[in-house]
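1. sequence-free structure coming up:
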């Protein structure tokens with residue numbers, strides 16, 4: 001992998017890639033660009049678990065959140081099962097209705113990813 005000399009590199013062997021500050025991700029094993037869709041990456045499973053936990057801590061069920069965001073309940077079922085991808089704005093809306101700041105949610109996510117990575121190191 002080619003990166004500028006001063007670019008910090010983080011290695012996530014559990015997830016099979018390295019990341020520089022320029023967000024260049026490659027497969028450690030073969031040096032090929034990553035092609036997996038985000039919903040199939042291990043980090044996405046962590047994301048969906050945290051979304052569900054956040055919703056449950058807010059004492060909301062999927063139907064309650066669906067009403068607040070004008071979506072069908074099946075949408076949230078698909079999100080929590082990892083069958084539907086969330087974009088940043090959708091995640092922000094869910095966080096707002098659950099009473100969690102988006103920045104706080106991302107902090108929790110990064111901690112969970114780091115913890116999952118450290119378990120295999």
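-> That came through, no problem. Note that the structure is predicted; figures quoted are calculated from it, not measured.
2. ok, the residue nearest to residue 81 when sequence neighbours are not counted to residue 109 distance?
-> Nearest in space to residue 81, with sequence neighbours left out and distances taken as Cβ to Cβ, 6 or more residues apart in numbering, is residue 48 at 7.2 Å. Quick note: C-beta positions are derived from backbone N, CA and C, even for glycine. With the distance defined as Cβ to Cβ, to the nearest Å, residue 48 ends up 11 Å from residue 109.
3. what comes up buried for the helix or strand harbouring the residue nearest to residue 81?
-> Here residue 48 sits within helix 42-57, counting by DSSP states H and E. For helix 42-57, burial by neighbour count (16 or more other Cβ atoms under 10 Å) applies to 43, 44, 46, 47, 48, 50, 51, 54, 55.
4. again with stretch 88-102
-> Per 16+ other Cβ under 10 Å, stretch 88-102 contains these buried residues: 91, 93, 94, 95, 97, 98, 100.
5. packing partners for the longest helix seen in the chain?
-> Assignment by DSSP state H gives helix 102-119 as the longest helix of the chain. Using 3 or more Cβ pairs under 8 Å, 6 or more residues apart in numbering; DSSP states H and E, the elements in contact with helix 102-119 are helix 42-57, helix 88-98.
6. adding distance to residue 78 and pLDDT, write the buried residues of stretch 88-102 out as a markdown table.
-> Below are the buried residues of stretch 88-102 laid out as a markdown table (distance: Cβ to Cβ, whole Å; pLDDT from 0 to 100):
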| residue | distance to residue 78 | pLDDT |
| --- | --- | --- |
| 91 | 14 | 97 |
| 93 | 16 | 96 |
| 94 | 13 | 97 |
| 95 | 18 | 97 |
| 97 | 17 | 96 |
| 98 | 18 | 97 |
| 100 | 21 | 97 |
